[in-house]
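A.B. asks: here is the input, now give the coordinates:
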Amino acid sequence: MVNEVRAEKGEAPAPGALDNKEETEADAKNGAIDKNGNENQNVEAEEKPEEVKENGAIDKNGNENQNVEAEEKPEEVKENTYTNLEVCFLCAKPATETCDKCNLVGFCSEDHKTLHRPENFCFPFMVEQKQDVGRFVVAVRDIEPLELVMWDNAAALGPRMGCPPVCLQCLKPVNGSFSCEKCNWPVCDKKCADGSAHRIECETLKNAKEKVEFTNFQDPHDMYRCIAPLRLLKVKEKVPEVWERLTYLMDHNTERRGDTELWDTYQTSVNRFLKSSDPSFKDEDIDRAVGLLWTNAFACSNGGGQAIFPTFSFMSHSCAPNCAHSVFPNKTLALQAKVKINAGEEFTISYISTLQGSLKRRMKLHDKWYFDCKCARCMDPTELGSFTSAHLCQVCLCPEAFVLTTEVENDSAPWKCVKCGLLTPASDLNAKETQIAMEMQKVDNNSLVGFEEFHEKTSTILHPGHYLNILLKRHLVGLYSGVLTQLEPEDLERVKKYCEEVDAVYQKIDPGYQKERGTILRALCETSKLLAKKYLNDQTETEDQFSVRVKKCIELFQESQKCMFVRLKKDPNDVSKYLVVARKDPIALSS
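C.D. replies: All right, here's what the predicted structure looks like:
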């Protein structure tokens, strides 16, 4: 996190872009691991992005390309752009300089110039601001699917709010068998006690007048709420240029004060404790640090930690996002486009899982981030034709009788059957979804029969595209993937149908290249391959029909591979412009 607060102000080198020793070129060649633990091999040619440009030409990331004869230069095509060179791309102050590489953004300082173009790569975005919305990020040129949009380094990383005791260095669970000899907080061992992350707060914790007791290592411990804010305060003190970027972010402290119970918990376990450790800390700064983390941090380290990324935090939410992010062990985040994004279009991510219904999504977004989503999906009763919230009318009892909301912006509005007009309170449908979800959790996680029977039940209550049915089908696909070779054609066709139905919903609510869709496409490819072989061997289909199926399998495999990898900027030359590594599991932005 900011190179462990610049190595406790020993001023270590600034962080490299995406230099990650744990993610090597071998990772790219060896493929991704799917959710069933299968390794996928030999992904190379289709992942090589960007052809070599003309002699002396400047590519769209501002790099000059050589060694192609001038006469081969094709007719120049004017690029579609969206820019305002009069203001800084980040803070909107008057620009003093324009990027001489891409000529698409202006900046007000050397610091912001570096943020636009770190390591010979021009970030293709600018930050804009709108009343009642705040800051958001737009493309300054057309962005292709899978194109890298930005990378960012964590300003602070620490235990998530209200977690059970974890090691302050590696954030793994602890049992109390070893404690730091200086501050007496639990850590894994001496190596972790001397680690660079823990060193940030160790001295402050040692000076605390209020000593903390650690006896229960299973339940949440309120005092862990103070660690990430403390680390962020150290950034304010020792790395002011990073703190300056955080000043543009919202903290929602006014709204947070409305929850008096939670506010008082933070005042006790964070403010009072930190001021007893270091009297120079002020309530205003502590509240600001807590609010920034509450609003902008997201879960990492397998759910045991939370991190805040200053530039990435400008990204707006959409329930059908056009970008996906990956976080790497070196505390670096990469953001890439999932679909084609036009110049002037907003970059969006999803703060929560996209595979949820409108009632649950709107409640979570309002309770955590204090806004009502008005994305295209939320403004459409059918949710872009996905029907992920639609129930089936229990009076009509026919598949065409969808129950949809009567007012998309009113969470309390009744829902109405499109066939008979029967009205149902939203609260009843919300309670029904919660009940089904709880019953689903009781089914044996490895039972194919159990989940098939449960799916048969929910199919009469919920639309086939309802998010709970999609979750069921996705889990069934995962269970069937381990026994595909043992299935008869009839069963394989059912698995194929599940895959296609899940993918159809993904293409509407989470379109483009993302890992969960890649897993489903991989399963669809394997199932389709087995069906092709069986139908050919049984002489049910001709060789020509077999060839058509094989071609489709190849297309599915190639599409799935694009979903499973993230392309990272490696160095400025065209031969190895990107490092291709396995995409990390997406993590909801709720810590």
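A.B. asks: could you use CA atoms for every contact and neighbour count after this?
C.D. replies: OK.
A.B. asks: any idea how far S350 is from L524?
C.D. replies: According to C-alpha to C-alpha, to the nearest Å, L524 stands 25 Å off from S350.
A.B. asks: the two: who's more crowded?
C.D. replies: L524 (25 against 22; other C-alpha atoms under 10 Å).
A.B. asks: tell me which element that one falls in.
C.D. replies: Using DSSP states H and E, L524 maps to helix 515-537.
A.B. asks: dump that helix to CSV, keeping only the CA atoms.
C.D. replies: Output in CSV follows, covering the C-alpha atoms of helix 515-537 (Å, rounded to 0.1, in the frame of the first residue of the first chain):
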residue,chain,number,x,y,z
LYS,A,515,-14.5,-14.7,-15.6
GLU,A,516,-17.9,-16.1,-14.5
ARG,A,517,-19.1,-16.1,-18.1
GLY,A,518,-15.8,-17.7,-19.2
THR,A,519,-16.4,-20.6,-16.8
ILE,A,520,-19.9,-21.2,-18.2
LEU,A,521,-18.6,-21.0,-21.8
ARG,A,522,-15.9,-23.5,-21.0
ALA,A,523,-18.5,-25.9,-19.6
LEU,A,524,-20.7,-25.3,-22.7
CYS,A,525,-17.8,-26.0,-24.9
GLU,A,526,-17.0,-29.3,-23.2
THR,A,527,-20.6,-30.4,-23.2
SER,A,528,-21.1,-29.5,-26.8
LYS,A,529,-17.9,-31.4,-27.7
LEU,A,530,-19.1,-34.6,-26.0
LEU,A,531,-22.5,-34.3,-27.7
ALA,A,532,-20.8,-33.9,-31.1
LYS,A,533,-18.8,-37.1,-30.5
LYS,A,534,-21.8,-39.1,-29.3
TYR,A,535,-24.0,-38.1,-32.2
LEU,A,536,-21.3,-38.9,-34.7
ASN,A,537,-20.5,-42.3,-33.1
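A.B. asks: please enumerate the helices of the stretch 101-250 of the chain.
C.D. replies: Ranges of helices in the stretch 101-250 of the chain, per DSSP state H, counting those that start in this stretch, are 110-116, 190-193, 196-206, 227-238, 240-246.
A.B. asks: so for E453, which of these sits nearest?
C.D. replies: With respect to E453, and counting by C-alpha to C-alpha, the nearest of these is helix 227-238 at 45.1 Å.
A.B. asks: next, the angle from that closest one to helix 196-206.
C.D. replies: If you take axes from the mean of the first three to the mean of the last three C-alpha atoms, to 10 degrees, helix 227-238 sits at 90 degrees to helix 196-206.
A.B. asks: stretch 507-526: end-to-end distance?
C.D. replies: The first residue of stretch 507-526 is 20 Å away from its last residue (C-alpha to C-alpha).
A.B. asks: pLDDT on it, on average?
C.D. replies: Averaged over stretch 507-526, pLDDT sits at 96.
A.B. asks: and that stretch, what's buried?
C.D. replies: 508-526 (16 or more other C-alpha atoms under 10 Å).
A.B. asks: quick one: the strands in the stretch 151-300 of the chain?
C.D. replies: Using DSSP state E, counting those that start in this stretch, the strands of the stretch 151-300 of the chain run over 156-159, 298-300.
A.B. asks: returning to that earlier point: neighbouring contacts of the helix holding L524?
C.D. replies: The contact list for helix 515-537 (C-alpha atoms under 8 Å, 6 or more residues apart in numbering) reads 34-35, 474, 477, 481, 484-485, 489, 492-493, 495-496, 499-500, 502-503, 506, 541-543, 546, 549-550, 553-554, 556-557, 559-565, 583, 585-586.
A.B. asks: following it, which helix or strand comes up?
C.D. replies: helix 543-564.
A.B. asks: chain center to that next one: distance?
C.D. replies: With C-alpha atoms, centre = their mean, to the nearest Å as the basis, helix 543-564 stands 28 Å off its chain's centre.
A.B. asks: same check, this time on stretch 101-117
C.D. replies: 26 Å.
A.B. asks: again, but for stretch 301-320
C.D. replies: Counting by C-alpha atoms, centre = their mean, stretch 301-320 is centred 7 Å from the centre of its parent chain.
A.B. asks: and it, what's buried?
C.D. replies: 301, 303-320.
A.B. asks: can you get me the start-to-end distance on it?
C.D. replies: 25 Å.
A.B. asks: how about stretch 319-326?
C.D. replies: Stretch 319-326 has an end-to-end distance of 18 Å (criterion: C-alpha to C-alpha).
A.B. asks: give me the contacts around it.
C.D. replies: Contacts with stretch 319-326, where a contact means C-alpha under 8 Å, 6+ apart, come from 333-339, 341, 347-350, 354, 375-378, 508-512, 514, 566, 583-586.
A.B. asks: repeat for stretch 501-508
C.D. replies: A320, L384, G385, S386, T388, G465, I470, K473, R474, R517, I520, L521.
A.B. asks: out of those residues, list just those in helices.
C.D. replies: I470, K473, R474, R517, I520, L521 (DSSP state H).
A.B. asks: got those as TSV, with distance to C420 columns?
C.D. replies: Output for those, formatted as TSV (distance: C-alpha to C-alpha, whole Å):
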residue	distance to C420
I470	26
K473	29
R474	32
R517	36
I520	36
L521	37
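A.B. asks: which among these gets closest to C108?
C.D. replies: Nearest member of those to C108, counting by C-alpha to C-alpha, is R517, at 40.8 Å.
A.B. asks: relative to N446, how far out is the closest one?
C.D. replies: From R517 to N446 the distance is 22 Å (C-alpha to C-alpha).
A.B. asks: repeat for T311
C.D. replies: From T311 across to N446, the span is 42 Å (C-alpha to C-alpha).
A.B. asks: equivalent analysis for I554, please.
C.D. replies: I554 sits 30 Å away from N446, going by C-alpha to C-alpha.
A.B. asks: T81 too?
C.D. replies: 51 Å.
A.B. asks: I509 now?
C.D. replies: Taking C-alpha to C-alpha, one finds I509 at 28 Å from N446.
A.B. asks: cool, E119 as well?
C.D. replies: 48 Å.
A.B. asks: more neighbours: these two, which one.
C.D. replies: Set E119 next to N446 and count neighbours by other C-alpha under 10 Å: E119 wins out with 15 against 12.
A.B. asks: what score does the more buried one have for pLDDT?
C.D. replies: E119 is given a pLDDT of 82.
A.B. asks: please apply the same query to S326.
C.D. replies: Reported pLDDT for S326: 86.
A.B. asks: what sits against the closest residue to R117 other than its chain neighbours?
C.D. replies: Leaving aside its chain neighbours, R117 sits nearest to F123 (6.1 Å; criterion: C-alpha to C-alpha, 6 or more residues apart in numbering). Contact analysis of F123 by C-alpha under 8 Å, 6+ apart lists N61, H116, R117, V149, M150.
A.B. asks: who wins on neighbours among those residues?
C.D. replies: Highest neighbour count within these, by other C-alpha under 10 Å: M150, with 25 neighbours.
A.B. asks: contacts only, for that one.
C.D. replies: Applying C-alpha under 8 Å, 6+ apart, we find M150 in contact with F123, P124, A334, L335, Q336.
A.B. asks: any idea what it is bridged to?
C.D. replies: On the basis of DSSP bridges, M150 is bridged to L335.
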